[in-house]
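In: got a structure for you, letters missing:
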């Protein structure tokens, strides 16, 4: 499992680094900021899902490189913008200074903007045995998952919910958009690359939905139970920012139970597939077992 | 000419308003901010070019609606982000409070981000007689024009050039990326929609390139010669921000001569086309005659 994660991390990091290195040097500061934001570590959970689900369905990894990199660019841009003083105001990310701290705010805004454009450019450039129809479908799901009806909308609900008491349904909606949309989209990109059947699509969508929410529940748990050193960012930042979290609404024990239940549901969805889905099952278990 | 501009303004505004109205109401504040940024007036020069060049080449306007709206979303997002305190810090745009002033900075960042995603979503959703291959080509040119190799790169060079003395070549590169890339892209989208011939492509690219630069030279001239009331934003803001401009490097008279020369070159490119290109020729003349 850890081997597979590292393998796909290396694969997407190489592809992405290569793509960023190829940018012309007209705006060296912006290029460096994009690289800092996109290449400085990270678990690469979304690329992992693209590759592992795609390979499960018989797609060659080289057909998945652009998808994996594109979704990671969207994730990376969102972190750069979320860390800005006007948003979460975080100085530390993955144990390193955030982009606006290392560069400046204007450059961080532009680096995020450029990484978003690059995500769509990579999907539009992708040619390895993908048809134009597949590319359009991929761009459709990624743009929707990234924008108002997905990640950005979730972030806006998050902002509106800070200092407010919200119920579990609103918190679930918030995270299904803010984090869940991109995690589901990772699986969706693999499904499109594989021209998956309706049965495969249904099972893997259910898997992705449950894993996505479990990921966020575990993130909330780690914000309380982990250390700043482990997290690479300040521990307790949700509480400090007065954000509603699953442990706050359900208690720490209740949140852990919820995460376990979501993972069980994701594993149950996999049993309907006629494949050896050991790797992504292990991944689901890792989501709630991780300390970072 | 004015009639045609108003006609296409109305067309793109209706299409865009309709698209934004259809967004769900999960994040009402973000939706309102996107609408404020995207629908509050503006000349709609890029949509005008999409429609007028497309129709010149025999494309139906309904095949161009998504392109025209997509490129305007990119332009609108860039204005929202450019106006932020960390960038140009402008409180007024088109005579109205800018998005971060009317809402807040975090919402303005997200509104820009969501409008960028929406641009690509609209192109991927576009179906009116466009093939998937055309859609992919459109997304490719738009993402490139919007990102590091276009608008964002130009903006980064602009930031790096503030308070610096730069030469005319750097200023030209800066604007060919910052403003020119999207103006050229408007024409490029129309060329793709029309499956234009090599000759058509060559003439209209030359037209777009010269008009795009002339537009920026005239913008610099207006920053000196127009009034705050006419501009809908503070007059003299380039000088105040200590930015290099064409009048500063060439003198006001020299800048006017350059603008006229660029327009003459754009008109000369049109003479090679076997069509009545009166409308876009008038548009080129309007670019240097406008007071706003």
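Out: Arrived safely. Note that the coordinates shown come from a computational prediction; the quantities given were computed from them, not determined experimentally.

In: Now for residue A:189: which residues touch it?
Out: A:50, A:54, A:64, A:67, A:70, A:71, A:138, A:141, A:142 (Cβ atoms under 8 Å, 6 or more residues apart in numbering or on different chains). No exception for glycine: its C-beta is placed from N, CA and C like everyone else's.

In: Output the longest helix belonging to chain A.
Out: helix A:198-225 (DSSP state H).

In: And it, what's buried?
Out: Using 16 or more other Cβ atoms under 10 Å in any protein chain shown as the test for burial, helix A:198-225 gives A:200, A:203-223.

In: Look at stretch A:97-105 and report the distance between its end residues.
Out: 13 Å (Cα to Cα, to the nearest Å).

In: Just the buried positions in it, please.
Out: A:98, A:99, A:100, A:101, A:102, A:103, A:105.

In: who's in contact with it?
Out: So stretch A:97-105 is contacted by A:29, A:32-33, A:36-37, A:80, A:83-85, A:90-92, A:96, A:107-108, A:111-112, B:86 (Cβ under 8 Å, 6+ apart).

In: tell me which element the spatially most central residue of chain A is part of?
Out: Chain A has residue A:46 as the residue nearest its centroid, 4.8 Å off, counting by Cα atoms, centre = their mean. Assigning secondary structure by DSSP states H and E places residue A:46 in helix A:45-56.

In: Need the mean per-residue confidence for whichever helix or strand comes after that helix.
Out: Moving toward the C-terminus from helix A:45-56, the next helix or strand (DSSP H and E) is helix A:65-82. The average pLDDT within helix A:65-82 is 97.

In: Same check on stretch A:164-175?
Out: 91.

In: Give me the buried positions along it.
Out: A:166, A:170, A:171, A:172, A:173, A:174, A:175.

In: List the contacts of the closest residue to the fourth one other than its chain neighbours.
Out: Meaning residue A:172. Ranked by Cβ to Cβ, 6 or more residues apart in numbering or on different chains and with sequence neighbours excluded, the top spatial neighbour of residue A:172 is residue A:213, at 6.9 Å. For residue A:213, the contact set (Cβ under 8 Å, 6+ apart) comprises A:172, A:175, A:176, A:180, A:262.

In: Drop anything exposed from the contacts of stretch A:97-105.
Out: By 16+ other Cβ under 10 Å, the contacts of stretch A:97-105 give A:29, A:32-33, A:36-37, A:80, A:83-85, A:90, A:92, A:107-108, A:111-112, B:86 as buried.

In: And the pLDDT for residue A:231?
Out: On the pLDDT scale, residue A:231 gets 66.

In: Quickly note the distance from residue A:238 to residue A:216.
Out: Between residue A:238 and residue A:216 the distance is 11 Å, computed by Cβ to Cβ, to the nearest Å.

In: Then residue A:116?
Out: 22 Å.

In: same deal with residue A:269?
Out: 18 Å.

In: Count the residues that sit near residue A:289.
Out: Neighbours of residue A:289 under the rule other Cβ atoms under 10 Å in any protein chain shown: 12.

In: And for the closest residue to residue A:178 other than its chain neighbours, the neighbour number?
Out: Among residues not flanking residue A:178 along the chain, residue A:154 sits closest, at 2.8 Å (Cβ to Cβ, 6+ apart). Residues near residue A:154, counting by other Cβ under 10 Å, number 25.

In: and the strand or helix carrying residue A:154, how far from the chain's centre?
Out: Following DSSP H and E, one finds residue A:154 within helix A:151-161. On the basis of Cα atoms, centre = their mean, to the nearest Å, helix A:151-161 sits 16 Å off its chain's mean C-alpha point.

In: Which elements pack onto it?
Out: In terms of contacts (3 or more Cβ pairs under 8 Å, 6 or more residues apart in numbering or on different chains; DSSP states H and E), helix A:151-161 is packed against helix A:65-82, helix A:168-175, helix A:181-193, helix B:28-39, helix B:105-125.

In: Residue A:64 and residue A:190 touch, don't they?
Out: Yes: proximity of residue A:64 to residue A:190 meets the contact threshold set by Cβ atoms under 8 Å, at 6.8 Å.
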